[in-house]
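Asker: Compute the structure for the input listed below.
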Amino acid sequence: MKRAAVAALCVAACAHARLPASAVDGASSYVAPRAFVASPAADGWTRELRVAAGAPGASWVVDAALMEAAQAVAERIADDPAHRAPSARAVQALAWRAGLADPVPTVVTVHRSAGAPLGDDTTRGLQEIAAQDHPTHLGVAEASRGADRFFVALLSRRRLRLTPVPRSAHRGARLALEGSLEPGLHAPVLSITHPEGRVEELPLGDGPDFLGRGPLDAAGTWQVEVEASGAEGSTVLANFPVYVDATPPPVPPPGAVEAQAADATAVEASLLALLNEARARAGAPPLQALAALGDAARAHSRDMAEHHFVAHTSPTHGTVADRLVAAGLRSGLTLENVARGYGAQEIHEGFLASPGHRANLLNAEVTHVGIGVVADPAGGGLLVTQDFVTVASTIDTGAAARSLLRAVNIARQGRGLVALEERATLSDAARAAAEAYFHEPLHTQEEALRDVTGRLQREGLLFRRLSVAAAFGPRIDGAERLEPLLDESSRAVGVGVAQGNRPDAPPNSVFVVYVLAVPR
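Answerer: This next block holds a predicted model:
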């Protein structure tokens, strides 16, 4: 199973506005970490947040870059005639402009008059954030316009130490990514989206310390991401752009935040359409929706909603592989994206802006997808699971058998061996055994092959020795390379190919049976 990845999409409940967050390109050159001295107002707002979250002693570190981004968000809210929260794209751009490498921060906004207490909605939202997102760093800010006061807090869970990376570079420079994971995380992976859209993955060892290097050999935006594995599965720890001989785009202008979709089924359909549009642009074949896979994805989204987490590994149902096997779904390749957000477009853009999730969306080997969307009771948004699998296409089993025999004889001739002659009786027995393997789910491969020899007892009078060989998998590729097929004494062969479903195998699996005969 290939790795699965958790999308860095977060939303926060707030008193008068809600702000989804997803990743898009937008930043300027890197701003080095700065020393920060909190003002009395910032100290008071921070204490108020901690008390409201039910974590008055929480060691939330006040971070200068988060403070800068929070101030930019607050000013935008105050300046907007309708006092709308900036879009997710704008918040991500402002965070990158401040030099942040963290996944997109959770945003809390409050519009209130001086001295007014936090509302119940904000308090509940902060409690959910503390319990579910486990923030470690925060930035707070305030902007005033007349009697209106706008408070903003950005909260982030920082789970690695990362040496600062310049956000602007010239072609030919080398990206150097050095850092260390916090305890409980291991196996870091560097994922990079190249300017033309191709995603490259580079394992960085077992951890906790890591060092990754690579050439920045094309002009444009390089999206850089670090993931690692832990109790929650694979998790995005950092995601930021590097601009190579390119000008960063401006921060998106104020605009309406995508409205939360009320119909989860419509969101699922929109996400399927959006991912297939992206695959078409990338030259990848479209994905088909698989109903059983959609049920499994929806069940995981419900599990996340009920147990207040956003991750691949469920505390009750295990990993994506565990869940799909329990649902009777098996595949040689399984990928998963999970996210939290408000609408299909926002969530889809967040996936594409994350190299790991983009790679899953555009993987050319997967054939089917299941998308499950449910309401998020914690933040009023949506929880999304996308599961991707490979399902073998239906083949002409007779043509496949003839193709395999040709390939076997080509391989034998390359070794200087006599070509095998097909015998109808041997092929009939081989085909019957292959088909029985799918018709009798309790049958093992060994039992299927023993049945072949039983069916061919009469043929034993014509041959000095009969032997069998078999291959099983999602495709016939490689089934012609079995070592017994190169036995120099064999002269006759029967080939049987069947395709079907078994409880212990991926859908449309293929079973190939060969009967080899040595003449008397």
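
Asker: Now do the SS call for residue 183.
Answerer: In three-state terms, and counting by DSSP: H, G, I helix; E, B strand; the rest coil, residue 183 is coil.

Asker: Please work out how many residues are found near residue 326.
Answerer: 12 (other Cβ atoms under 10 Å). To be clear about C-beta, it is placed using only N, CA and C from the backbone, and glycine gets the same treatment.

Asker: Can you show me the helices along the stretch 301-450 of the chain?
Answerer: For the stretch 301-450 of the chain, the helices defined by DSSP state H, counting those that start in this stretch occupy 320-326, 344-353, 355-362, 397-414, 424-439, 445-455.

Asker: Locate residue 238 within the secondary structure: which element?
Answerer: Element membership of residue 238, judged by DSSP states H and E, is strand 233-244.

Asker: Pull the contacting residues for residue 285.
Answerer: Contacts for residue 285 were tallied using Cβ atoms under 8 Å, 6 or more residues apart in numbering; they are 279, 364, 367.

Asker: Most neighbours of all these, which one?
Answerer: Most neighbours among these, by other Cβ under 10 Å: residue 367, with 22 neighbours.

Asker: which regions of the protein lie under the pLDDT threshold?
Answerer: Across the chain, the stretches falling below the confidence threshold (pLDDT under 70) are 1-42, 56-58, 113-115, 254-262, 379, 458-461.

Asker: And the helices of the stretch 301-450 of the chain: which comes nearest residue 247?
Answerer: Using Cβ to Cβ as the measure, helix 344-353 is the one of the helices of the stretch 301-450 of the chain that comes nearest residue 247, at 18.2 Å.

Asker: okay, the angle between that closest one and strand 233-244?
Answerer: With axes from the mean of the first three to the mean of the last three Cα atoms, to 10 degrees applied, the angle from helix 344-353 to strand 233-244 works out at 80 degrees.

Asker: before we move on, the earlier item: and of the helices of the stretch 301-450 of the chain, who's closest to residue 121?
Answerer: Of all the helices of the stretch 301-450 of the chain, the one in closest proximity to residue 121, counting by Cβ to Cβ, is helix 344-353 (21.0 Å).

Asker: so that closest one versus helix 355-362, what angle?
Answerer: Angle, helix 344-353 to helix 355-362, by the same axes, to 10 degrees: 110 degrees.

Asker: Okay, helices next: where are they in the stretch 51-200 of the chain?
Answerer: Counting by DSSP H, counting those that start in this stretch, the stretch 51-200 of the chain has helices at residues 64-79, 88-97, 120-132.

Asker: Just say which of these is most tucked in.
Answerer: Counting by mean count of other Cβ atoms under 10 Å, helix 88-97 has the highest mean neighbour count of the helices of the stretch 51-200 of the chain, with a mean of 27.

Asker: just checking, what packs against that helix?
Answerer: strand 19-21, helix 64-79, helix 344-353 (3 or more Cβ pairs under 8 Å, 6 or more residues apart in numbering; DSSP states H and E).

Asker: mind saving the C-alpha coords of the second one as CSV?
Answerer: Taking C-alpha atoms only, helix 64-79 is exported to CSV below (Å, rounded to 0.1, in the frame of the first residue of the first chain):
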residue,chain,number,x,y,z
ALA,A,64,6.3,36.3,15.7
ALA,A,65,5.4,35.0,12.2
LEU,A,66,1.9,34.0,13.4
MET,A,67,1.5,37.4,15.0
GLU,A,68,2.4,39.1,11.7
ALA,A,69,0.0,37.0,9.8
ALA,A,70,-2.8,37.5,12.4
GLN,A,71,-2.3,41.3,12.2
ALA,A,72,-2.6,41.2,8.4
VAL,A,73,-5.8,39.1,8.6
ALA,A,74,-7.3,41.5,11.2
GLU,A,75,-6.5,44.5,9.1
ARG,A,76,-8.2,42.9,6.1
ILE,A,77,-11.3,42.2,8.1
ALA,A,78,-11.4,45.7,9.5
ASP,A,79,-10.9,47.3,6.0
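
Asker: Nearest to residue 68, out of the helices of the stretch 301-450 of the chain?
Answerer: Minimum separation from residue 68 across the helices of the stretch 301-450 of the chain (Cβ to Cβ) falls at helix 344-353, 21.2 Å.

Asker: Ok, which of the helices of the stretch 51-200 of the chain comes nearest residue 245?
Answerer: Nearest of the helices of the stretch 51-200 of the chain to residue 245, taken as Cβ to Cβ: helix 88-97 at 18.0 Å.

Asker: how distant is that closest one from the center of its chain?
Answerer: 22 Å (Cα atoms, centre = their mean, to the nearest Å).

Asker: quick one: it to helix 64-79, angle?
Answerer: 140 degrees.

Asker: Next, count neighbours for residue 186.
Answerer: One way to gauge burial is a neighbour count; for residue 186, by other Cβ under 10 Å, it gives 13.

Asker: cool, and residue 171?
Answerer: For residue 171, which is what you asked about, the neighbour count (other Cβ under 10 Å) is 13.

Asker: Surely it and residue 222 touch.
Answerer: No. Under the criterion of Cβ atoms under 8 Å, residue 171 is not in contact with residue 222, lying 10.8 Å apart.

Asker: Name the residues contacting each of the two.
Answerer: Among the neighbours of residue 171, those also in contact with residue 222 (Cβ under 8 Å, 6+ apart) are 216, 244.

Asker: hmm, back to that, out of the helices of the stretch 301-450 of the chain, which comes closest to residue 388?
Answerer: Taking Cβ to Cβ as the measure, the helices of the stretch 301-450 of the chain were each checked against residue 388, and helix 355-362 came out nearest at 6.1 Å.

Asker: Just the buried positions in stretch 103-119, please.
Answerer: Buried residues in stretch 103-119, counted by 16 or more other Cβ atoms under 10 Å: 103-112, 118.

Asker: Specify which member of these is nearest to residue 447.
Answerer: Ranking the buried residues of stretch 103-119 by separation from residue 447, with Cβ to Cβ as the measure, puts residue 103 on top at 51.0 Å.

Asker: Would you mind measuring from that closest one to residue 236?
Answerer: Taken as Cβ to Cβ, to the nearest Å, the spacing of residue 103 relative to residue 236 amounts to 5 Å.

Asker: what about residue 265, how many neighbours?
Answerer: Using other Cβ under 10 Å, residue 265 has 10 other residues around it.

Asker: For it, which non-adjacent residue is spatially closest?
Answerer: The shortest distance from residue 265 to any non-neighbouring residue, by Cβ to Cβ, 6 or more residues apart in numbering, is to residue 373 (7.8 Å).

Asker: beta partners for that neighbour?
Answerer: According to DSSP bridges, the residues that bridge with residue 373 are residue 384.

Asker: you'd agree it is up against residue 269?
Answerer: No. Taking contact to mean Cβ under 8 Å, the distance of 9.7 Å between residue 373 and residue 269 leaves them out of contact.

Asker: between the two, which one's more packed in?
Answerer: Neighbours of residue 373 and residue 269, each counted by other Cβ under 10 Å, are more numerous for residue 373; the result is 28 against 15.

Asker: Now for the more buried one: which residues touch it?
Answerer: With contacts defined as Cβ under 8 Å, 6+ apart, residue 373 is in contact with 264-265, 267-268, 271, 298, 301, 382-384.

Asker: what's the farthest-apart pair in those residues?
Answerer: The most widely separated members of the contacts of residue 373, counting by Cβ to Cβ, are 265 and 383 (14.5 Å).

Asker: just the strands in the stretch 251-400 of the chain please.
Answerer: Ranges of strands in the stretch 251-400 of the chain, per DSSP state E, counting those that start in this stretch, are 288-289, 334-341, 368-375, 382-389.

Asker: Tabulate the ones you listed in TSV, adding columns for distance to residue 216.
Answerer: Written out in TSV, the entries for these read as follows (distance: least, Cβ to Cβ, whole Å):
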stretch	distance to residue 216
strand 288-289	37
strand 334-341	27
strand 368-375	33
strand 382-389	30
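
Asker: Can you tell me which of the ones you listed is nearest to residue 88?
Answerer: Smallest distance to residue 88 across these (Cβ to Cβ): 7.8 Å, for strand 334-341.

Asker: Tell me how far that closest one lies from the chain's centre.
Answerer: Relative to the centre of its chain, strand 334-341 is centred 5 Å away, using Cα atoms, centre = their mean.
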